[in-house]
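**Q** Please work out how this folds:
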Amino acid sequence: MAAITLTTCQGRDIAPHLEALARLRIRVFRDFPYLYDGDPAYEADYLDRYARNPRSLFVLAFDGDALVGAATGQPLADEVDEFRGPFEAAGYRPETVFYYGESVLLPEYRGRGIGKAFMEARETHAAGEGFEFAAFCAVERPDDHPRKPADYRPLHGFWNARGYRRTPSLVTTFAWKDQDEAEETAKPMVFWLKALRP
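**A** Residues are numbered from 1 along each chain as shown. Prediction:
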């Protein structure tokens, strides 16, 4: 990571980097398993929700001046119904959960400890703010999906090693347009959860 600079910011301080972050999300989420057909208008709206929230967190990775990776988070209580609802239905209090929006990193920078640093930065922030849990959700595609690359390796092992546990009782759906779809379709998402307090 010698050539990579990591920095954090909250709320409106992300403003100078919003366009670069939108482009990065579109680029990374094109790949399996998301297959996202990037929509700049959606990106602007989505990222604005985080930028307007003073309690949001952005962890940014730069190679020189170029944004090559980013991780986000905000209190689950400030999230949309699709993410907040399953926790409420299961008896969790959303104000006790810090939710990770995404972690995106260009392929050529993977395997260098940046993803681990993203996790550590968000966990440290969440624990310092008094949250009891950290959580995120991940799309689940069929094993026989026609666009699944032969060398695809899910991140389950990495997440488990960091103490996160797949929690099938916490599920949701979220809609976006795949690259080969004419319209948005709902995708199944399963949450991963970690207790931040013993």
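**Q** who touches the helix or strand of the chain with the lowest mean pLDDT?
**A** Ranked by mean pLDDT, DSSP states H and E, the weakest helix or strand in the chain is helix 40-51, scoring a mean of 92. Residues from elsewhere that reach helix 40-51 (C-beta atoms under 8 Å, 6 or more residues apart in numbering): 11-12, 14-15, 18, 21-22, 25-26, 56, 58, 72, 74, 101, 176. Using the backbone N, CA and C atoms, a C-beta is placed for each residue, glycine as well.
**Q** Run through this protein and note the low-pLDDT ranges.
**A** Along the chain, segments meeting pLDDT under 70 span 1-2, 198.
**Q** Mind jotting down where the helices sit in it?
**A** Counting by DSSP state H, the chain has helices at residues 18-28, 40-51, 81-89, 114-128, 156-161.
**Q** can I get the CA coordinates of the second one in PDB?
**A** Coordinates of the C-alpha atoms in helix 40-51 are reproduced here as PDB (Å, rounded to 0.1, in the frame of the first residue of the first chain):
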ATOM      1  CA  PRO A  40     -25.300   8.600 -13.800                       C
ATOM      2  CA  ALA A  41     -28.700  10.100 -12.700                       C
ATOM      3  CA  TYR A  42     -29.200   7.300 -10.100                       C
ATOM      4  CA  GLU A  43     -25.600   7.700  -8.900                       C
ATOM      5  CA  ALA A  44     -26.000  11.400  -8.300                       C
ATOM      6  CA  ASP A  45     -29.200  10.800  -6.300                       C
ATOM      7  CA  TYR A  46     -27.800   7.900  -4.400                       C
ATOM      8  CA  LEU A  47     -24.500   9.600  -3.400                       C
ATOM      9  CA  ASP A  48     -26.400  12.800  -2.600                       C
ATOM     10  CA  ARG A  49     -28.200  11.000   0.200                       C
ATOM     11  CA  TYR A  50     -24.800  10.200   1.800                       C
ATOM     12  CA  ALA A  51     -23.300  13.600   1.100                       C
END
